[in-house]
Every structure is written in structure tokens, then in C-alpha cells.
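A.B. asks: take a look and give me a structure for this.
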Amino acid sequence: MLDVLRTLILLACLLPVSIAQAQPGGVDLDQGWQYRWGDSPRTDRGQPLWALGDDGATTDLADRWQAIGFPSNPPGRAGRTNAWFRVTLPATPMSDPVLYIYSVDLIVEVYAGGERIYQYGTFDEEGQGRFEGWPWHMVPLAREHLGQPLYFRVFSNYSDIGLWGEVKLFERSELSLYILDRSLNALVVGGFSLLIALLALVFALVQTEKRSFASIALFSLAVSVMLLAESQAGQLLWNRPLVWDYLAAGAYYLIPVAIALLLSQWLEDTRMRVIRWIWRGHLAYAVLALSASLLDWVNLSSTFPVFDALYLASSLVLFTTVLPRFRHVNGEQRTILVCYALLTGLLLVDMAVAHGFLPWGRVPVSWGALVFAIAIVMISLWHYTRIQTALRNLNRELEHKVSERTASLESLARREQIRAHQLMLENERTRRLNDLIAELQDCCSLKEGLGLFSSRLPTLCQPLHGRFYGRLEQDNTFELLSRWGDTQVGLDQAFPSLLPLPPASRILLTPHEQQASVAAVDADSNGAPALPWCLQLRLQKTERGSFVAGVLMLDAPEVTRSDPHFHPIKLFLALEHALQNLALTLSTVGLREELETYSYEDALTGLKNRRFFDGILRHEIAMARRHELPLSVLVIDIDYFKRFNDRYGHQAGDAALKAVAAALMDETRESDVICRIGGEEFVVILPGAAEFPALDRAELLRRSVSERVIEVEGQTLRGLTVSIGVASWPGTTDSPEQLVRVADEALYKAKQQGRNCVAA
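C.D. replies: Numbering: from 1, shown residues only. So this is what the prediction gives:
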């Protein structure tokens, strides 16, 4: 990459010299110019009088046409923003003449024979307009315009006013070649600077010592964009002058930022804090100026004079600070400072030409930027090469030392390989076990937990194959819940003697199975139980005590048995321990399930209690809202229950409560929820039931209760009735959270209506 860059630098330096420069063509219009301040009055047809040759009746010499060497910045401006210029075109014979103008500050109209033949920018009624960029202009002319006066109407609120640079008469076919010829240097240097930016960016990604390549990339990119954007050839490709000017301004304003960053890195041992303040100030100005112009707060043209003054001041401060230390810096730093002085000098000369302090001429700023960039790149590459050489030497030394130690480490690595493999398997099994225990703890029922347990067994028992049989009920039947691998070992094959069981793992099932499982343990040479294995999952429940909830049958394939990493006794003990932990977790799930069953049920009626009702109501409300389904609640109260209880006794009262509960269960759907929430008060939740179906259901319940016959100690009791309040959403209430309150109010209404009725 270094050789490629050197070759490209040499080609870039020799290419412009080797190209035969064309002789400047065209006819210079550098004589016979006149100017006049102000704006021309108009005829009734809207034509400017001055463009018609009518100079007006003014007697003031200052308001008449006056001679000027070049149509730019006439004397006596005094804040004026409008001026007219005129010149008589030479009578040169041309077939397709055009007028070439290098630039205009800021907008212009061109008149010939009283007619407007060219316009750039838009003049308002007051003769003013917005900045539209600094393009070069090609004014099309007719052959009859040759030898006739040409008038230029100009508006500018910039520091300069009028035409700027060159004004020439061309054949149309010659102008494009002239533009390309004048843009050649900028295109070559701009393209080369862009290449330097890309290469510097690549080096910035791999360098280890300095951040200078990033700054080189920024500087080269800024120079490239500035040169290409200011090149007149760009307008031939895309005729958007204001866009090109924004690109040129952004790149132009970032050049001192990149230069100051480079100087701050290469001169960091001089402790010049002023350099950091310079690049930060220029960066802040670039952001502020471009943002303000894009937001239409200021014209882009007005930001250039401020930048030029800022750059001049920062350059003076920088050179004043650097020059006293010039003798104390090394040769590389001196080279950088000299190249920077050359570039800064060219930029200042270009600024002086732009603001009219020096006569117009093309300043070779591109060559100064190229010299500065090449100097920085060559110094950076020298540092990079030196670092790479040192790194290669260091790598050779390290490789030699590593090769010496590799041999000794290989034997240790082989010894540790088996142990690491076993540790990895144990850690993975432990992680899976912990994850499974955590998931089991979230299960709501023992059935759900046993299903999850059986689904995760294959990953927990790897690399073994096997089957798992589960049993939840008190009968002695087992069901195959999970099978993995190609094992043929089944529960029927475990008895009477095909599958020897360790004494601690004998499964006590039916009496027949107990007699069939007395086979002795056939241990292998290392003392481990012989494969296949049989392990039991023993759980605890409050009512049943300890019982076998599952049987795990395991076998190892031939590939696993021949694996040197396979240790049967360790694997057997690990799985037995894991099964004990899982059995403890599943027992906890079962006990919690039993406890929840006790805490949510009413012991007398077998219905759910008030605690369960509060939770299930919130759930049903949420489901109704989510699926936009109706929801109804029935609040039921036994009529004159206290009188019934006092008259027939508490035993009869309990029988009455059971009878009402039985009637409710008989006449409701399986999806309905019935709860006893008080002494003689019940509630029924009807998911998906609207108001009228809920009223029908309530009436059915009321009749069913009234028809019940209660048998207590040989007595037959009749006449038990209930009052029911109904609330539905949507229907009787707009909020499902108010269903219970509305149903209570409806119940109170039913009581007032004489009881043994339904109210909503």
C-alpha cells in the first residue's frame, strides 16, 4: 500500500505538467465599461429606460454613466445595493456567440436592444433578490448583438458588487473546452486529495500510535470537496450552483479545523493549547454559519467575509505562538509548519483577491493544499513504517517464546481436556436443572409440573436415551409421557429380572410388581449399577403421603459407552441427585396446590369462597374487555334465612345452604363460576351472557330453588326461596367494575318487591 501511494503522488505531481495547456481563447472585454448607481426607471411596458439608451434627464454627474476599468465595485458605493453596467460588444464575426462571465455578485439581468436576454436570480419590485450562488454564466447572444451595447442590471448586499473575474466573448463550442481546461488542475488535485482521504481513512482504522490519519482524512476530504465544488466543470455535470456553493463553504470552513487538529497532534509536545481553541472555534463557526444559512436566517454569501476575518485572526495568533518555538521543534514539525505557512499564504492571497484588495487572478490554492497533504502523509507513513517494523521484530521474538512454551502446555492441556469436558457437562446439566426447578416453581398444579418435567427430561439426561412413565392418580396404572433416543427398555421389561434395580431405587408398585422386582444388582467393574438404569420419582402429598409419581428408564447407546469421557457412576449419582431435587420441587407444587384448594373452597357447600371470587372476577372482567364479550353477575340471597334457621335449627340451615348450592350447580353452565360470599349470600358469574339471557338464567335458578325439597332428620321442608339481583355489562352498567355494586342494588330492589323474585 505504501508503494502504491508513492506512485500515485508522483503521477499527481507530473500529470498536470505533462498535459499541453490550451491557449486561452475568446475575446476579453476589458475596455469600454461604464457604470451607473441605482436602478433604472421603467416604461409603461416594463422595459428599463437605461437599457433603451435613455439616460434620463438628471443633471447630477454622479447619477450618469461613468467610465470604469472593470465592471466591479464602482467608487462611491455608500451602502448602495443596485448598479448598472454597460459595454459595447466588439463586432467580431462569430456564428454562435456567447458571453462568459466568471462570476457575479450577486444576481444579474442582461439586456440587449431593450430586451432581457439573460437572468440569474429573481428581482423583486424593489430591485432586490436572494443570493442564488456563485456560478459562472454563459449569456447567449444573437449575431446582431455584436457591435451593440450590452446592459447589466446587478443587485448585491455583499461586500462586492458587479461582475467578477473574467468577462470574455466565445463561440459556444469553445466555451466548454475552455471551462474544462481551466478546471483541470482543480479536478486532478481534488481527485488525488479524495484518494488520499480514502487511504488515510484505511490507515486510521489500523494505526496504533497516533490519530493523525483521521485528521489527514478530514483535511484531504475537505480539500477535495472544496476544489471539486469550486471547479467550474462541476456546473457542467449538475447545474445547481447554490448546492455546489454549500458544499464548497462547508469544506472551506472545515479546512482550518483539520489543519489545527493535525498541528495539535504533531506539535502536542509544545503544549500549545491555543491550537485546540482554534479548531474548536472554527468548528463552531462552521456549524453555526451553515445552520443559519440553511434556516434562512442569513445569506450564505454573508458568512464568507466573517470566516475570512476569523481565519486571518487565528492564523496570526497561531504563527505568533509557533514562531518563537520554531528552533526547538524537530525536522518533521518544521516541515509541517513550513507547508502550513505556504498553504495559509495562498489562502490569504485568495481571500485578498476575492475581496478586491488584489487584482483578479487564479491563485493556486490547490497546489498548496496538495503540498501540505503530501508532507503530512509522507511523515505519517514514515512513522507507520517504523512502527510496523518494530511490531514485526516483536512478533518474531514472541513467536519464538510461544513455540518453546507450547510443547509444555500441550501435555497439560491434554490432561485438563477430559476434566474440562466433564466440568462443562456438569455445569450445563446443573444450569438446566436450575432452570427446570425455577420453571416448576411457577407451575400452578402438579399435573402441569409433571408435564413440564417430562418434556425437559431428554436434555437433562443427555447423552442417555430413555423413557419416562408418569402416574398422578392413586391407581397403579402408568402412562408413557416422554421418550427419547432409540431405547427399547419399557416398564414391562423392568420386571421381573431384566432390569436390575439398586436397592435405593426399587419401585414399589402393585403387589405383583413388588414380587417381580427382587432381582439383585448387577454391578460393573467400577462399582456402578449396570445399564440400563431405573430411577423413581417419589413425591409427598398431605392425604396420600409418599407415593411413586413416575418411573425413569435410562440406557446408553454403544457410542456413549465407548466414549472415554463417559463415567457411569458419576452420571448415575448426578441424575439420582437431580431427581431428588426435582421430586422435592414437585412435592412443593403439589402441597401448594392442595393448600390453594383448601383456601379457595367453602367447606360446607364445596363452592368457591369470597377470596376466590375477588380474583376470578378481575380475571373475567379483563377477558371481557379484551375480547369485547358481555359479562353478567347474579347476587343471590336466601329469603328469611335467619327465621328459617331459628325455626328449624342450624342443621336445617346447613341443609338449606347445601340445597341452594346444589340447585345453582345443576342449573348453570360449566363455564359459569359459583361462589358463596357470605352466610346465606351467593354469587354467580356468567361469562359471555348479556342482560336478557342473564335474567332468564336467574329466573331458572329462582324456580329451581323454590322447587327443592329439604330432608332433615326425617322432616320434609319446603318453601325455601331466594331473591336475585342481576347486573350486566354492557346493559345495566357502563363499567364492568361496577357489576357487583349494581347487582347488590338490584338484590335490594328484589327484596323491596316482596322477595322470591328477580330484579335488574
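A.B. asks: tell me the bridge partners for residue 540.
C.D. replies: Residue 540 forms beta bridges with residue 546, as assigned by DSSP bridges.
A.B. asks: please give me every residue in contact with it.
C.D. replies: If a contact means Cβ atoms under 8 Å, 6 or more residues apart in numbering, then residue 540 has 546, 587, 590, 591 as its contacts. Just so you know, the C-beta spots here come from the backbone N, C-alpha and C atoms, and that holds for glycine as well.
A.B. asks: report the buried members of the residues you listed.
C.D. replies: Among the contacts of residue 540, those classed as buried by 16 or more other Cβ atoms under 10 Å are 587, 590.
A.B. asks: just the ones in strands from the contacts of residue 540, please.
C.D. replies: The strands in this structure, assigned by DSSP state E, contain residue 546 from those.
A.B. asks: just the contacts of residue 540 now: which is nearest residue 703?
C.D. replies: residue 590 (41.7 Å; Cβ to Cβ).
A.B. asks: hang on, isn't that closest one packed against residue 539?
C.D. replies: Yes - the criterion here is Cβ atoms under 8 Å, and residue 590 meets it with residue 539 at 6.1 Å.
A.B. asks: between the two, which contacts overlap?
C.D. replies: With Cβ under 8 Å, 6+ apart, residue 590 and residue 539 have common neighbours residue 446.
A.B. asks: grab the most central residue of the protein for me.
C.D. replies: Nearest residue to the geometric centre of the chain (Cα atoms, centre = their mean): residue 205, 23.7 Å.
A.B. asks: farthest-apart pair in the contacts of residue 540, please.
C.D. replies: Farthest apart among the contacts of residue 540 by Cβ to Cβ are 546 and 591. That separation is 12.6 Å.
A.B. asks: longest helix in this protein, by residue count?
C.D. replies: For the chain, the longest helix by residue count, based on DSSP state H, is helix 365-441.
A.B. asks: run the chain-centre distance for it.
C.D. replies: 30 Å (Cα atoms, centre = their mean, to the nearest Å).
A.B. asks: packing partners for the helix or strand that it is followed by?
C.D. replies: On the C-terminal side of helix 365-441, the nearest following helix or strand under DSSP states H and E is helix 446-460. Helix 446-460 sits against helix 365-441, strand 465-470, strand 479-484, strand 545-555, helix 568-600, with contacts defined as 3 or more Cβ pairs under 8 Å, 6 or more residues apart in numbering; DSSP states H and E.
A.B. asks: which of the ones you listed sits most buried?
C.D. replies: Mean neighbour count (mean count of other Cβ atoms under 10 Å) peaks for strand 465-470 among the helices and strands packed on helix 446-460, with a mean of 22.
A.B. asks: ok, and what's touching that strand?
C.D. replies: 450, 454, 457, 478-487, 489-491, 532, 537, 549-557.
A.B. asks: can you check the pLDDT for residue 693?
C.D. replies: With respect to pLDDT, residue 693 scores 88.
A.B. asks: distance from the chain centre to the helix or strand containing it, please.
C.D. replies: Residue 693 is part of helix 691-706, with elements assigned from DSSP H and E. Relative to the chain's own centre, helix 691-706 is displaced by 58 Å; criterion: Cα atoms, centre = their mean.
A.B. asks: helices or strands next to that helix in the packing?
C.D. replies: Helix 691-706 packs on strand 631-638, helix 650-666, strand 681-687, strand 722-729, strand 758-759, going by 3+ Cβ pairs under 8 Å, 6+ apart.
A.B. asks: quick one: contacts of the last one?
C.D. replies: It refers to strand 758-759. 695, 698-699, 702, 723-726, 746-747, 749-750, 753.
A.B. asks: highest neighbour count among the residues you listed?
C.D. replies: Most neighbours among the contacts of strand 758-759, by other Cβ atoms under 10 Å: residue 726, with 31 neighbours.
A.B. asks: export the contacts of strand 758-759 to JSON lines and append columns for distance to residue 654.
C.D. replies: As requested, those are exported to JSON lines (distance: Cβ to Cβ, whole Å):
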{"residue": "695", "distance to residue 654": "30"}
{"residue": "698", "distance to residue 654": "24"}
{"residue": "699", "distance to residue 654": "26"}
{"residue": "702", "distance to residue 654": "21"}
{"residue": "723", "distance to residue 654": "20"}
{"residue": "724", "distance to residue 654": "22"}
{"residue": "725", "distance to residue 654": "24"}
{"residue": "726", "distance to residue 654": "27"}
{"residue": "746", "distance to residue 654": "27"}
{"residue": "747", "distance to residue 654": "23"}
{"residue": "749", "distance to residue 654": "29"}
{"residue": "750", "distance to residue 654": "24"}
{"residue": "753", "distance to residue 654": "28"}
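A.B. asks: tell me the one of those residues nearest residue 376?
C.D. replies: Using Cβ to Cβ, residue 726 comes nearest to residue 376 of the contacts of strand 758-759, at 89.3 Å.
A.B. asks: ok, that closest one - contacts?
C.D. replies: By Cβ under 8 Å, 6+ apart, the contact set of residue 726 is 632-634, 691, 694-695, 698, 732, 743, 746, 758-760.
A.B. asks: how about a cut-off of 6 Å?
C.D. replies: Contacts for residue 726 (Cβ atoms under 6 Å, 6 or more residues apart in numbering) come out as 634, 694, 695, 698, 746, 760.
A.B. asks: need those in CSV (columns: distance to residue 81).
C.D. replies: CSV is the format used below for the contacts of residue 726 (distance: Cβ to Cβ, whole Å):
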residue, distance to residue 81
634, 89
694, 85
695, 88
698, 91
746, 86
760, 85
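A.B. asks: ok, so of these, who is nearest residue 177?
C.D. replies: Looking across the contacts of residue 726 and measuring by Cβ to Cβ, the closest to residue 177 is residue 694, at 94.1 Å.
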